[in-house]
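Novice: 3D model of this:
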Amino acid sequence: MASAIRTVCIIPPMQTAKAPEFDLRRPLGSAVAVIRAVLFSPRSFYLNLKVEGSLRDPALFVLFVGAVAGILGATVAIASNLLFGDLDAGDIRSAVVDALLFAVLSPVGVGVVAGVYLLAIRTFVGKVSSFTEVYRMAAYAAAALVFAWIPILGAFAFTYALMVLMGIGIQSVYRASFLTAVVTALVGFVPVASVLVWLTVAGMAF
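Specialist: Numbering: from 1, shown residues only. Below is the predicted model of the structure:
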């Protein structure tokens, strides 16, 4: 018995790996690490995410992802117009403006998403949650938007971020049941998706 106790004391306690986060001191490397962790190991990422942190780094991460997606989207739009021989200064200006707006408004959009999901979490999960916590969860779920510039796949990227990644985040961070997490994510997803569809249709009309 004493031997067993000594053995247990010798073995160091298991430490939980900290989820990678965006770091302004090494923006590219930390962003790649976050994107890889969120997309390939989302459950492990959210289980180890410190949701009590600040908003600055997550917001900058969203800005980074939005800038990358915006630049690539503008490049695709310009290349497409050039390929079909319908490229002029107006097309270039429009593509650049759209890219800038997508990047700059991405952190704001995540804030809106966080507000909607906060209400859903408080309604269905039943645990007290702060805006900061949900914003951090949603900001890193925005890693999926790195594919938003790809035609057709972009729509699935939004759905994956809002339903799958946020659902995993809710289940992991708040230890909610699978069904509760699905219902909460769905209730948050519907109004956000409806607004996105309306904005897309309105933009096409103009």
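Novice: biggest helix in the protein, by residue count?
Specialist: Ranked by number of residues, the top helix in the chain under DSSP state H is helix 89-124.
Novice: Which strands and helices lie in contact with that one?
Specialist: helix 56-83, helix 131-141, helix 166-173, helix 178-205 (3 or more C-beta pairs under 8 Å, 6 or more residues apart in numbering; DSSP states H and E). C-beta coordinates here come from the backbone N, C-alpha and C atoms, glycine included.
Novice: Pipe those into CSV and attach mean neighbour count, distance to A99 and mean pLDDT per row.
Specialist: Formatted as CSV, these follow (neighbours: other C-beta atoms under 10 Å; distance: least, C-beta to C-beta, whole Å; pLDDT from 0 to 100):
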stretch, mean neighbour count, distance to A99, mean pLDDT
helix 56-83, 18, 3, 92
helix 131-141, 24, 20, 96
helix 166-173, 24, 25, 96
helix 178-205, 15, 14, 86
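Novice: Quick one: the ones you listed as TSV, columns for distance to L119 too.
Specialist: Formatted as TSV, the helices and strands packed on helix 89-124 follow (distance: least, C-beta to C-beta, whole Å):
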stretch	distance to L119
helix 56-83	20
helix 131-141	10
helix 166-173	13
helix 178-205	8
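Novice: quick revisit: avg pLDDT for the longest helix of the chain?
Specialist: Over the span of helix 89-124, the pLDDT mean works out to 92.
Novice: Give me the distance between A138 and T159.
Specialist: 14 Å (C-beta to C-beta, to the nearest Å).
Novice: what pLDDT does the residue most central in space within the chain get?
Specialist: Centrality entry for the chain: nearest residue to the mean C-alpha point is A142, 1.8 Å, by C-alpha atoms, centre = their mean. pLDDT, A142: 96.
Novice: Identify the residues contacting the residue lying closest to L39 once chain neighbours are set aside.
Specialist: Spatially, and ignoring its direct neighbours in sequence, L39 is nearest to A143 (6.0 Å; C-beta to C-beta, 6 or more residues apart in numbering). Going by C-beta atoms under 8 Å, 6 or more residues apart in numbering, A143 touches 34-35, 38-39, 61, 65, 161, 165.
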